[in-house]
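A.B. asks: Give me a model of this one.
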Amino acid sequence: MTAFCVARLEADPRLLPVHGILRGAAMERTADAQLLAGQIVEQGRREAEQLLALAREEARQAVHEAEARVIERGMQLQQGMDAAMASFMEQAQDMVAELAGALYDRLVLETTAQEKIAAGCRRLLREAPPKLVNAVLRLHPQDMPPPAGLPWPCEADDRLAPGTCKLEADSGEWRADFAAAATALRQALAALPGMRVAA
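C.D. replies: Sure, this is the predicted structure:
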């Protein structure tokens with residue numbers, strides 16, 4: 001039966017019974033062994049608790065470090081997104097400003113002289129008081145005839161620049177100049193970031 005055993009445990013001969021009877025010394029040794037076994041078990045339990053506490057602390061520290069790495073990575077990603085968004089907004093602002101300038105230039109170039117005079121007259125209608133005494137609308141000769149439906153008589157005045165409307169009355173004078181308004185708007189557009197409006 002022992003042929004397959006690699007090692008054999010030997011019992012202390014003092015603990016073996018003689019003819020089936022245990023001696024008192026053997027009983028003491030057995031009691032000592034039981035006490036020693038209890039101490040070994042207690043020591044093993046304490047060591048296991050220490051190892052468990054150490055493992056818990058290491059796990060807590062690892063979780064804390066992982067959380068810190070995740071938070072740091074999240075902050076880096078947020079900063080990257082903020083920078084990308086700022087760059088996108090700057091580029092979009094530049095594109096919008098350039099598009100507005102191009103559309104404005106096209107609109108000004110495509111506006112006919114009669115449309116410019118009509119716009120000036122509409123402005124005078126909005127700005128001038130409703131009941132004027134001795135009111136006369138003056139236009140450059142190239143801008144004649146005036147738009148239909150105006151409440152004032154109209155006269156040609158070669159001292160005015162083409163595209164300029166001048167309303168004279170006893171109570172004051174009002175002027176609408178399409179070219180000046182277009183220049184002011186062009187300058188306002190040119191002041192936008194990324195704007196390059198042709199003069």
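A.B. asks: only C-alpha atoms for contact and neighbour calcs from this point on.
C.D. replies: Will do.
A.B. asks: ok, and what's touching the helix or strand hosting L137?
C.D. replies: L137 is part of strand 136-139 when elements are defined by DSSP states H and E. Strand 136-139 has contacts (CA atoms under 8 Å, 6 or more residues apart in numbering) with 146, 152-158, 160, 162-169.
A.B. asks: Run the chain-centre distance for that strand.
C.D. replies: In terms of CA atoms, centre = their mean, to the nearest Å, the centre of strand 136-139 is set 54 Å apart from its chain centre.
A.B. asks: ok now the one helix or strand A68 maps to, how far from the chain's centre?
C.D. replies: Remark: A68 resides in helix 24-110, with elements defined by DSSP H and E. From the chain centre to the centre of helix 24-110 is a distance of 24 Å (CA atoms, centre = their mean).
A.B. asks: going on from that helix, what's the next piece of helix or strand?
C.D. replies: Once helix 24-110 ends, the next helix or strand along the chain (criterion: DSSP H and E) is helix 113-127.
A.B. asks: if we can go back for a sec, same for the helix or strand just after the strand holding L137, what does it pack against?
C.D. replies: Using DSSP H and E, the helix or strand that follows strand 136-139 in sequence is strand 154-156. Strand 154-156 sits against strand 136-139, with contacts defined as 3 or more CA pairs under 8 Å, 6 or more residues apart in numbering; DSSP states H and E.
A.B. asks: Just the buried residues of the strand it packs on, please?
C.D. replies: Within strand 136-139, the residues scored as buried using 16 or more other CA atoms under 10 Å are V136, L137, R138, L139.
A.B. asks: Could you export the residues you listed as JSON lines, including distance to A191 and pLDDT?
C.D. replies: Compiled in JSON lines, the buried residues of strand 136-139 are given as follows (distance: CA to CA, whole Å; pLDDT from 0 to 100):
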{"residue": "V136", "distance to A191": "37", "pLDDT": "88"}
{"residue": "L137", "distance to A191": "34", "pLDDT": "87"}
{"residue": "R138", "distance to A191": "33", "pLDDT": "89"}
{"residue": "L139", "distance to A191": "32", "pLDDT": "88"}
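A.B. asks: what's the farthest-apart pair in those residues?
C.D. replies: Greatest spacing in those, by CA to CA: V136 and L139 (9.9 Å).
A.B. asks: From the contact counts, what lies against the least confident helix or strand in the chain by mean pLDDT?
C.D. replies: Each helix and strand of the chain was given a mean pLDDT (mean pLDDT, DSSP states H and E); the minimum falls on helix 178-190 at a mean of 79. On a contact count with 3+ CA pairs under 8 Å, 6+ apart, helix 178-190 meets helix 24-110, helix 113-127.
A.B. asks: Could I have the CA atoms of it written out in CSV?
C.D. replies: Only the C-alpha atoms of helix 178-190 are listed here, as CSV (Å, rounded to 0.1, in the frame of the first residue of the first chain):
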residue,chain,number,x,y,z
PHE,A,178,-27.8,104.9,-50.8
ALA,A,179,-24.1,105.1,-51.5
ALA,A,180,-23.3,106.5,-48.0
ALA,A,181,-25.4,103.8,-46.4
ALA,A,182,-23.8,101.1,-48.5
THR,A,183,-20.3,102.4,-47.5
ALA,A,184,-21.2,102.5,-43.8
LEU,A,185,-22.6,98.9,-44.0
ARG,A,186,-19.5,97.7,-45.9
GLN,A,187,-17.3,99.3,-43.2
ALA,A,188,-19.3,97.6,-40.5
LEU,A,189,-18.9,94.2,-42.3
ALA,A,190,-15.2,94.8,-42.8
